[in-house]
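[1] I need the structure of the sequence given here:
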Amino acid sequence: MSREPVGSSAELPRDLVGHSLSIVNESSSVVEFDFGESRLRWRYRSADDDPHGDESGDDPYTGARLDDGLFLVAFHSAARPTDAVCTFFDFRSGRTTSVVSVLDGEGPGARRAAQYIEFGVIEGSDTAGESPHGDTESGWELRPGIRLRLSVSDAPPVATTTVVLSEGRRTLDVDFGVEAETGRLLHRVRSDVLDLAD
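    Below is the predicted model:
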């Protein structure tokens, strides 16, 4: 098994660059995305009972094509420095799955990490099927054979979003938290390629 960091330009899904789209979450919040070569402009329009209110940002992002019509987009928000977002866009079903990883403080002051999952639809798309089913124990099936898992550690606080592809043959991890050695904020995408016999 080898672990390699995925650079923010190496895995950008070329299919998304230059496009704009919006998602409507089950909470009624709306997120608008404009995909650039290396930066993502986004605008969050909150639901009525959302304490965050409306926000927007322009941040570097990492993306990956996970399957035909299935993309991961991950970014760390400068507007909310204690939050990082992973959104999975499924253009076959017209559905989205977003994972927000949150720290309870910045840098060395952070003591805990948490993760929240929200389902939505791509505005203007026909939707098929239902939102992924699952829980924190078994994970969520994004598509047959493609599973999403969430995990949190507290020493140091790190939230990890893991995608298991093709019956465990390939995984992709997105970490957000505090680096143990330096106390600095950590946001990275790692790709594990398992060398399995055919």
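
[2] Report the buried residues of the top strand by length along the chain.
    Assignment by DSSP state E gives strand 55-67 as the longest strand of the chain. By neighbour count on 16 or more other C-beta atoms under 10 Å, the buried set for strand 55-67 is 57, 61-64, 66. In short, each C-beta sits where N, CA and C put it, glycine included.

[3] which secondary structure elements does it contact?
    Here strand 55-67 touches strand 39-45, strand 70-76, strand 157-165, strand 170-178, strand 185-193, going by 3 or more C-beta pairs under 8 Å, 6 or more residues apart in numbering; DSSP states H and E.

[4] Of these, which stretch is the most buried?
    strand 70-76 (a mean of 23; mean count of other C-beta atoms under 10 Å).

[5] Tabulate the CA atom coordinates of it in CSV.
    This file holds the C-alpha atoms of strand 70-76, laid out as CSV (Å, rounded to 0.1, in the frame of the first residue of the first chain):
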residue,chain,number,x,y,z
LEU,A,70,-19.6,11.0,-10.0
PHE,A,71,-17.2,13.7,-8.7
LEU,A,72,-15.8,14.7,-5.4
VAL,A,73,-15.0,18.4,-4.7
ALA,A,74,-13.2,19.3,-1.5
PHE,A,75,-12.3,22.7,-0.1
HIS,A,76,-11.3,24.5,3.1
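
[6] next one: whatever helix or strand comes next after that strand to chain centre, how far?
    Moving toward the C-terminus from strand 70-76, the next helix or strand (DSSP states H and E) is strand 83-90. Centroid separation between strand 83-90 and its chain, computed with C-alpha atoms, centre = their mean, to the nearest Å, is 3 Å.

[7] Residues touching strand 83-90, excluding its own?
    16, 21, 23, 31, 66, 69-77, 96-103, 122, 142-143, 148, 159, 161, 163, 174, 176, 187 (C-beta atoms under 8 Å, 6 or more residues apart in numbering).

[8] show me the contacts for residue 72.
    63-64, 66, 86-88, 163, 172, 174 are the contacts of residue 72 under C-beta under 8 Å, 6+ apart.

[9] Nearest residue to it in space, ignoring adjacent ones along the chain?
    Leaving aside its sequence neighbours, residue 72 sits nearest to residue 64 (C-beta to C-beta, 6 or more residues apart in numbering; 4.8 Å).

[10] now the residue nearest the centre of the chain: how far from residue 109?
    Nearest to the mean C-alpha position of the chain, counting by C-alpha atoms, centre = their mean, stands residue 86 at 1.0 Å. Distance from residue 86 to residue 109, counting by C-beta to C-beta, to the nearest Å: 24 Å.

[11] how about low-confidence regions in the chain?
    For the chain, residues meeting the criterion pLDDT under 70 lie at 1-14, 106-108, 166-169, 192-198.

[12] Quick check: buried residues in stretch 75-94?
    Neighbour-count burial for stretch 75-94 flags 75-77, 82-91, 93-94 (criterion: 16+ other C-beta under 10 Å).
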